[in-house]
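Peer 1: Next one to model:
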Amino acid sequence: MTTLHGPRAALIGDAAIELLAARGMRGLTHRAVDEAAGLPPGTTSNYARTRAALIERALHRMGELEAAEIGALMAETGVPADLRGYAELTARIIAHSVTAARTRMLARYELALEATRRPELRAAYDQAGRMYREQAIALLTAAGSPDPSRHARLLVAWAAGVPFGTIAGAGGSPGPSLDELRTTMTELVAVILRDTPAQPTDD
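Peer 2: Sure thing, here's the model as predicted:
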């Protein structure tokens, strides 16, 4: 059984994230987490009995941290009420992910690959990203997008791809500035909301 809440559970989750980023999936063991967290041997296994439970703990902790950070960003920018606000918030989230949250993003990429081999992890991983898609769909629908679900997938894919390219891909560090991210996101939204080209008709 996995204990997901409390200070020590959070400490274990943080250590698991650090190990995933530094050593990959093979480096994530109960003993390694105990050592990294400065806990007595066997402590981690009391909170996450199995390897699957330990992975679940790391993913759950990621969700906690990301929700808190997005909440803090929304306190600065406000909850997005339109696409301009959505572009601003998204730009700030991306900028944060390639700087302060870089280690966590590396751990997330490790879990993404593991999720391709573990259906139970795939479900939890996908659930974590559903909030972003649903918010994009709602705002694009309100703005008059002719195909909000497809357009939301495009925006979310771009928002996910920039950090990957900067941190793990060929995009290179330090990556785009906040101003560049804001401008590009606004341009993408503008392109998406243009009138769609007329479909050819049969003669």
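Peer 1: for this structure, what are the low-confidence residue spans?
Peer 2: Filtered on pLDDT under 70, the chain yields the residue ranges 1-5, 195-203.
Peer 1: Which parts of it are helices?
Peer 2: Ranges of helices in the chain, per DSSP state H, are 7-23, 30-37, 43-47, 51-77, 83-97, 102-115, 119-142, 148-167, 178-192.
Peer 1: Take these and write them to TSV, including mean neighbour count.
Peer 2: Placement of C-beta: from N, CA and C, glycine included. TSV is the format used below for these (neighbours: other CB atoms under 10 Å):
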stretch	mean neighbour count
helix 7-23	20
helix 30-37	19
helix 43-47	19
helix 51-77	17
helix 83-97	21
helix 102-115	19
helix 119-142	15
helix 148-167	17
helix 178-192	16
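Peer 1: Can you give the domain ranges for this protein?
Peer 2: 1-59, 79-192 (automatic domain parsing).
Peer 1: Those domains into TSV, with extra columns for distance to Gly71?
Peer 2: Shown next, in TSV, are the domains of the chain (distance: least, CB to CB, whole Å):
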stretch	distance to Gly71
domain 1-59	16
domain 79-192	10
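Peer 1: Ok, which of these comes nearest Glu66?
Peer 2: domain 79-192 (7.8 Å; CB to CB).
Peer 1: first to last residue in the closest one, what's the distance?
Peer 2: Counting by CA to CA, to the nearest Å, you get 22 Å between the two ends of domain 79-192.
Peer 1: same check, this time on stretch 160-176
Peer 2: Across stretch 160-176, the terminal residues are separated by 13 Å (CA to CA).
Peer 1: what does it rub up against?
Peer 2: Ile94, Ser97, Val98, Thr99, Arg102, Met105, Leu106, Tyr109, Gly129, Leu181, Thr184 (CB atoms under 8 Å, 6 or more residues apart in numbering).
Peer 1: For the residues you listed, give me CSV that also has distance to Asn46.
Peer 2: Below are the contacts of stretch 160-176 laid out as CSV (distance: CB to CB, whole Å):
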residue, distance to Asn46
Ile94, 37
Ser97, 32
Val98, 35
Thr99, 34
Arg102, 30
Met105, 29
Leu106, 27
Tyr109, 29
Gly129, 30
Leu181, 42
Thr184, 47
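Peer 1: now, which of those sits nearest Glu69?
Peer 2: Ser97 (9.1 Å).
Peer 1: what's that closest one in contact with, if anything?
Peer 2: Contacts of Ser97 by CB under 8 Å, 6+ apart are Arg104, Met105, Pro163.
Peer 1: Can you tell me the closest non-neighbouring residue to Glu76?
Peer 2: Setting aside the residues directly before and after it, Glu76 is nearest to Arg92 in space (CB to CB, 6 or more residues apart in numbering), at 7.8 Å.
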